[in-house]
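Participant: Provide a 3D model corresponding to the input given below.
(4 chains)
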Protein chains: 2
Amino acid sequence: MNLPRPRPGRPVTIRNVAALAGVSVGTASKALNRRGQLRQETRDRVLAAAEQLNFRPNEAARSLGSERTFTVGLITTDSIGRFSIPVLLGAEDALDAGTISVFLCDTRDDPIRERHYVETLLSRRVDGFIVTGRRSDPRPPLASDLPVPVVYALTPSRDPADCSVVADDEQAGFLAGEHLIATGRRAIAYVTGPDRFDAVGRREKGLSTALASHGLELAGPVLYGEWSEAWGRRAAQTLLRSQTGFDSIYCGSDQIGRGAIEGLQAAGRTVPGDVALVGTDNWDVMVEGRRPSLTTIDLSLHEVGRRAAQHLLAAIDGQPVQGLETVPAQLIMRESTD
Amino acid sequence: MNLPRPRPGRPVTIRNVAALAGVSVGTASKALNRRGQLRQETRDRVLAAAEQLNFRPNEAARSLGSERTFTVGLITTDSIGRFSIPVLLGAEDALDAGTISVFLCDTRDDPIRERHYVETLLSRRVDGFIVTGRRSDPRPPLASDLPVPVVYALTPSRDPADCSVVADDEQAGFLAGEHLIATGRRAIAYVTGPDRFDAVGRREKGLSTALASHGLELAGPVLYGEWSEAWGRRAAQTLLRSQTGFDSIYCGSDQIGRGAIEGLQAAGRTVPGDVALVGTDNWDVMVEGRRPSLTTIDLSLHEVGRRAAQHLLAAIDGQPVQGLETVPAQLIMRESTD
DNA sequence: AAACTTACGGAAACCGTATTCCGTAATTTG
DNA sequence: CAAATTACGGAATACGGTTTCCGTAAGTTT
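Facilitator: Predicted coordinates for the structure are as follows:
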């Protein structure tokens, strides 16, 4: 056999363990992986040797034989922003259970970087990809004919055959509408971001559906603007100046919601007394930053990430899922509605 | 030679490339890596074959021979929060230049998870670790006698021999003080977070130094509280009620700063007319959310991450750096000071 | 006690790539 | 034109594991 002694400064190999335990490499491997038929005494001897040398098997070497690397690539297009973080953490939750490690890559919306990362990760033989981004608008597929499965989280693929997990924007609008109606509001306005965002339209649809089912219509035209507090403030003023009668607002983000609260209060209106408000995102800092705290719709991004990771694991396991999955949103009630 | 044809559904190997090009594996390897002495025609033939088969060398296999994996572990203790993100992005910037991939692990402040991740990443033979967290208080070293270098970013190691890169809290306080004095303020109050945070004390020290150099002292006792807007509001009221004369406040976070602005305005004071304010963190959403926008101290966390990664690269390269490095903060002037 | 199982553990092949060494063919030199 | 270089590319080996195959020794059966 003639096995080597540990070389200082270099990682301990299974050969060193085998040498110390006085067995062959093959036997050592079996002992460490609880395979094959070995005497208990032999197993123990090997395990003790491994322990003593602080042996850690080289995953790269293992994966050479075994098809899988237990590694996935997580590609985010938006610099790890407010939206991708919960998705990322949710994904980590699910992957962790399978003791899978995550390569994180941030493309910063640059297709060239994206291409480069995909290449790099393919060289590392990741078992699959999760792709996420800031917006819920569809994006082009990562690449055609990749050798490993891909799941899109939050930002779906434009190809309907790909597996995508997204938030339920339509239901978000619906929940907001139902809640406001249930708490006695009848004249609901909708203040939101730029209308080029798909989410903006989908939420309107859900909101309108809720209203229609009670024989109501939106109070005034939809107010499109930016996703900012400043826009929320201005929109509130606009609403007050216009002759639109309204007793509540559904806001497309918590930032808009917070701005709207400020705008209303500055004009002497009370919340929720005169006007009730529902935001979107459940962003702690915005929602709790000011009195009254903001009732909001939580889009369950953590769950979006978790489901995406689960689908990826299934696909890696040979059980791919196709098409779009929508994760339910949740209403979180706070002080801005009653 | 007898080389195999590509097996469908399995990654293309260098053998397949060699077979297609009609050369041996060794020759194919040389051609692909621009090594050895080969006829140009042969190189081209191999490269063409690789191209045609869409060959990507297996990094795991490569790293088996070569000491290095071009991979580092990034361990964050705080669920990828507001503070670790810029650090992380800065690190990515620096690592990207070396085409190094990043394993991201989030320990969620759990030492057991941390231990587990370290083991996992060591098995994957990462070339080094970057450790980051939420607070600037020192933490215990990642582990003793790790076989690879570690650099701490933002959160320094308790062992002074370790390499840590941190923000300059003392200078942050100093800059705030100098700026307020330069703009004509003489009575500066300090509203901040819990005094168990090291950063709180260090900023006070810097602030006091600036004041002392102009023959001034802090206006009233330091107001310790939470890192929240609510505390900022309350602290403003407290200051107004107390008989402390003050014409400006240095706030330990932008959230506190924003709350303070609200508190002052609610009491009829103008900012910066009656009271000037400087915040800390340069958190866009807080700083720009409300008029007047907030002058603040940017702790250069992105740079902290970048430097940490650079030190790690150097250490991996055999040029380790020991001890603490402090990255300068920057004053960002906006409307809350004049 | 001879024949047959079973338990145990070693040898060897394999995973994908890089590298060292060496033989052969082509080219240059005397 | 023979001898000495040089150019080229194949074979072998190493990297760190896992797995298959097989031989030997021990235990069981009749």
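
Participant: Pick out the residue in chain A sitting closest to DNA strand D.
Facilitator: residue A:26 (2.7 Å; Cβ to the nearest atom of the strand). Quick note: C-beta positions are derived from backbone N, CA and C, even for glycine.

Participant: Need the residues that contact the one helix or strand that residue maps to.
Facilitator: Assigned by DSSP states H and E, residue A:26 belongs to helix A:25-33. Defining contact as Cβ atoms under 8 Å, 6 or more residues apart in numbering or on different chains, one finds that helix A:25-33 is touched by A:1, A:3, A:14-15, A:17-18, A:21, A:23, A:35-36, A:38, A:42-43, A:45-47, A:49-50, A:57.

Participant: Among these, which ones lie close to DNA strand D?
Facilitator: A:14, A:15, A:35, A:36, A:57 (Cβ under 7 Å from any atom of the strand).

Participant: out of the residues you listed, which are buried?
Facilitator: A:14, A:15, A:57 (16 or more other Cβ atoms under 10 Å in any protein chain shown).

Participant: wait, residue A:137 sits on residue A:152?
Facilitator: No: at 11.6 Å, residue A:137 does not count as touching residue A:152 under the criterion of Cβ atoms under 8 Å.

Participant: ok now do the residue nearest to residue A:217 when sequence neighbours are not counted, which residues does it touch?
Facilitator: Once flanking residues are discounted, residue A:217 sits nearest to residue A:211: 6.0 Å by Cβ to Cβ, 6 or more residues apart in numbering or on different chains. Residues in contact with residue A:211, defined by Cβ under 8 Å, 6+ apart, are A:177, A:181, A:188, A:217, A:218.

Participant: Which one of these is nearest to chain B?
Facilitator: residue A:188 (25.0 Å; Cβ to the nearest Cβ).

Participant: ok so, going back, go through the contacts of helix A:25-33 and flag which are in helices.
Facilitator: A:14, A:15, A:17, A:18, A:21, A:42, A:43, A:45, A:46, A:47, A:49, A:50 (DSSP state H).

Participant: The residue of the stretch 101-250 of chain A found nearest chain B - how many residues pack around it?
Facilitator: Distances between the stretch 101-250 of chain A and chain B by Cβ to the nearest Cβ are smallest at residue A:104, namely 4.1 Å. Residue A:104: 21 surrounding residues under other Cβ atoms under 10 Å in any protein chain shown.

Participant: circling back: how about a markdown table for the ones next to DNA strand D among the contacts of helix A:25-33, with distance to residue B:9 and pLDDT added?
Facilitator: Below are those laid out as a markdown table (distance: Cβ to Cβ, whole Å; pLDDT from 0 to 100):
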| residue | distance to residue B:9 | pLDDT |
| --- | --- | --- |
| A:14 | 30 | 96 |
| A:15 | 33 | 95 |
| A:35 | 26 | 90 |
| A:36 | 29 | 88 |
| A:57 | 27 | 96 |
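
Participant: filter these down to the ones close to chain B.
Facilitator: Subset of those in contact with chain B: residue A:57, counting by Cβ under 8 Å from any Cβ of the partner chain.

Participant: which bits of the stretch 151-300 of chain A sit near chain B?
Facilitator: So the stretch 151-300 of chain A meets chain B at A:229, A:230, A:255, A:258, A:259, A:262, A:285, A:286, A:289, A:290 (Cβ under 8 Å from any Cβ).
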